[in-house]
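A.B. asks: With the sequence up front, the predicted model follows.
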Amino acid sequence: MKKSLLLLLFFFLSACEQSNPPVFNKLAQEAVILAFGDSLTYGTGATKGGNYPSVLSSISQHKVINAGIPGEISRHGLTRLPALLDKHKPELLILIHGGNDMLKKIPQQDTANNLKQMISEAKQRDIKVVMLGVPTPRLFLLSSAEFYQQIADEHDIPIDLETIPRILGENNLKSDIIHPNNAGYKLMADNIFGLLVDTGAL
């Protein structure tokens, strides 16, 4: 009897998972994707064409605009973002920001508030948003700062918390302590592509 109940529960949960709709509608064929952030978006440490937006553009067959500025803190990113959204009119924003805030020891609540406002700027324009978490600086056991998951839950957006900590934890994927190399950026692009497929955007 117990085994039958467990099987029934398994099939019920499987059916619920299969019936969940995609998070997003599929991007239009001509849709523009805006990759926004700091050096991790710009591609510091990569050779020409090796940054993740360039690789993602190739595998997704969408125009991906690289709007990364090395060294930028989130407060400056918040100031910069609205004009880019209005200029490029993307259907999707990929947000990777906050690492420089942590390096400069800016209070995490300030960083979180800036990221929330960036997401709000996009949503006000009906732009889809996905986000990647950035790890807190430490020598071992890298993991994304906790506020990234909290922001994703609050704004109901897809998030990848694992990719950047993994890359920065493996020497063969890094060009220096805090930046990927070509292989690391390729992994970023592949995992973002997978996230966009899983959420129905691609």
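C.D. replies: Received, thanks. Numbering: from 1, shown residues only.

A.B. asks: Point out where this protein drops to low pLDDT.
C.D. replies: Within the chain, the segments meeting pLDDT under 70 span 1-22, 139-141.

A.B. asks: quick one: the strands in it?
C.D. replies: 32-37, 63-68, 92-96, 128-132, 159-160 (DSSP state E).

A.B. asks: roughly how far is the third one from the heart of the chain?
C.D. replies: From the chain centre to the centre of strand 92-96 is a distance of 6 Å (CA atoms, centre = their mean, to the nearest Å).

A.B. asks: Show me what that strand is packed against.
C.D. replies: Counting contacts by 3 or more CB pairs under 8 Å, 6 or more residues apart in numbering; DSSP states H and E, strand 92-96 is packed against strand 32-37, helix 39-42, helix 108-124, strand 128-132. All C-beta atoms are positioned from the backbone trio N, CA, C, and that covers glycine.

A.B. asks: rerun that using 6 Å as the cut-off
C.D. replies: Strand 92-96 is packed against strand 32-37, strand 128-132, with contacts defined by 3 or more CB pairs under 6 Å, 6 or more residues apart in numbering; DSSP states H and E.

A.B. asks: Go ahead and name everything in contact with that strand.
C.D. replies: 33-37, 40-41, 122, 127-132 (CB atoms under 6 Å, 6 or more residues apart in numbering).

A.B. asks: which neighbours does that strand have in its sheet, and in what orientation?
C.D. replies: Note on strand 92-96: by DSSP bridges, its sheet partners are strand 32-37 (parallel), strand 128-132 (parallel).

A.B. asks: What are the contacting residues of the shortest one?
C.D. replies: Strand 128-132 is contacted by residues 24, 92-96, 119, 122, 157-160, 164 when judged by CB under 6 Å, 6+ apart.

A.B. asks: would CSV of those residues with distance to Ser144 and neighbour count be doable?
C.D. replies: Below are the contacts of strand 128-132 laid out as CSV (distance: CB to CB, whole Å; neighbours: other CB atoms under 10 Å):
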residue, distance to Ser144, neighbour count
Phe24, 22, 18
Leu92, 21, 23
Leu93, 18, 26
Ile94, 15, 26
Leu95, 13, 25
Ile96, 11, 24
Ile119, 16, 22
Ala122, 20, 23
Ile157, 14, 20
Pro158, 14, 18
Ile159, 8, 19
Asp160, 9, 21
Ile164, 7, 24
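
A.B. asks: Bridged to Leu132, which residues?
C.D. replies: Here Leu132 sits in beta bridges with Asp160, going by DSSP bridges.

A.B. asks: I'd like the distance between it and Phe36.
C.D. replies: 11 Å (CB to CB, to the nearest Å).

A.B. asks: In this structure, what residue spans correspond to helices?
C.D. replies: All helices of the chain, identified by DSSP state H, fall at 2-19, 39-42, 52-60, 74-88, 99-103, 108-124, 146-155, 163-168, 182-198.

A.B. asks: looking at those helices, which is buried most?
C.D. replies: Per-stretch averages of neighbours, counted by mean count of other CB atoms under 10 Å, single out helix 39-42 among those, with a mean of 24.

A.B. asks: Mind listing residues that contact that one?
C.D. replies: For helix 39-42, using CB under 6 Å, 6+ apart, the contacting residues are 35, 68, 70, 96.
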